[in-house]
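In: Predicted model and sequence follow; I will ask about them next.
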Amino acid sequence: MLLAGVYLLSPLLQTLTGTVSGDSVSAMVVASLLAHLYLHDYHFGRDVAHTLQGCLSLAAALFASVLLASRLDSPQAVFALLCCALQAFVAWPFLRRDILGASPAAHVALTAALHVGTCGALGRVSGVLAGAHASLLIFITFVCPWSLVQCHGIKQRINGCERLQT
């Protein structure tokens, strides 16, 4: 029923932002996707929209998808983009949670495959973007945790107590 509703609404959604400037739509899309990244429940307990934060995150992602879809040329393209958005933002967290519950190693392999695929797709567009993504990924995955471990040895307070210096 959801897909039928999206299909029937595709011609209407295609004309949604016809009178709004492209810069305004781009700014709203970026702001909505940043809100989604900030509010998303990355631990994902029971449901995508279990908390208010989860509801707002999902709403921001779907709002950005509708805005992007409204700039497409045909109702079929609008329908396809919205179907992909529903899969990415609604169905994908459930699949990732089930994979993590079944096999943490498979979850790590899936995450690595996604990042390799992202680097490959970015490499087709721009080698600089692919390099920036890979560098940022390595920095966040390896350099940041290593630096936190290195800083642990020079802490002055541990659990609220001051260290005795002799």
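Out: Received it, and whenever you're ready, just let me know what you need.

In: so the residue positioned nearest the centre of the chain is in which element?
Out: Averaging the C-alpha coordinates of the chain gives a centre point, and the residue nearest to it by CA atoms, centre = their mean is Leu37 (5.6 Å). With the criterion set as DSSP states H and E, the secondary-structure element containing Leu37 is helix 22-39.

In: who does that helix touch, helix- and strand-wise?
Out: helix 52-69 (3 or more CB pairs under 8 Å, 6 or more residues apart in numbering; DSSP states H and E). The C-beta positions use only the backbone N, C-alpha and C, and glycine is treated the same way.

In: Other residues contacting the helix it packs on?
Out: Under the contact criterion CB atoms under 8 Å, 6 or more residues apart in numbering, helix 52-69 has outside partners 13-14, 16-17, 25, 28-29, 32-33, 35-36, 38-41, 47-49, 77-78, 81-82, 85-86, 88-90.

In: Enumerate the positions of that helix that are buried.
Out: For helix 52-69, burial by neighbour count (16 or more other CB atoms under 10 Å) applies to 54, 56-69.

In: after that helix, next one along is what?
Out: helix 75-86.

In: Can you give the distance of that following helix from its chain's centre?
Out: In terms of CA atoms, centre = their mean, to the nearest Å, the centre of helix 75-86 is found 18 Å from the chain centre.

In: That helix versus helix 52-69: what angle between them?
Out: When axes from the mean of the first three to the mean of the last three CA atoms, to 10 degrees is applied, the directions of helix 75-86 and helix 52-69 differ by 160 degrees.

In: looking only at pLDDT, what's the mean for helix 75-86?
Out: Helix 75-86 comes out with an average pLDDT of 94.

In: Now do it: which elements does it pack against?
Out: In this structure, helix 75-86 makes packing contacts with helix 2-14, helix 52-69, judged by 3+ CB pairs under 8 Å, 6+ apart.

In: The shortest one vs helix 75-86, what angle?
Out: Think helix 2-14. With the same axes, to 10 degrees as the basis, helix 2-14 and helix 75-86 are set at 120 degrees to each other.

In: quick one on the thing from earlier: export the helices and strands packed on helix 75-86 as CSV, with columns for distance to Leu114 and mean pLDDT.
Out: Supplementary listing: the helices and strands packed on helix 75-86 in CSV, determined by distance: least, CB to CB, whole Å; pLDDT from 0 to 100:
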stretch, distance to Leu114, mean pLDDT
helix 2-14, 25, 90
helix 52-69, 17, 92
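
In: thinking again about what came up before, quick check: mean pLDDT of the helix holding Leu37?
Out: The average of the pLDDT scores along helix 22-39 is 93.
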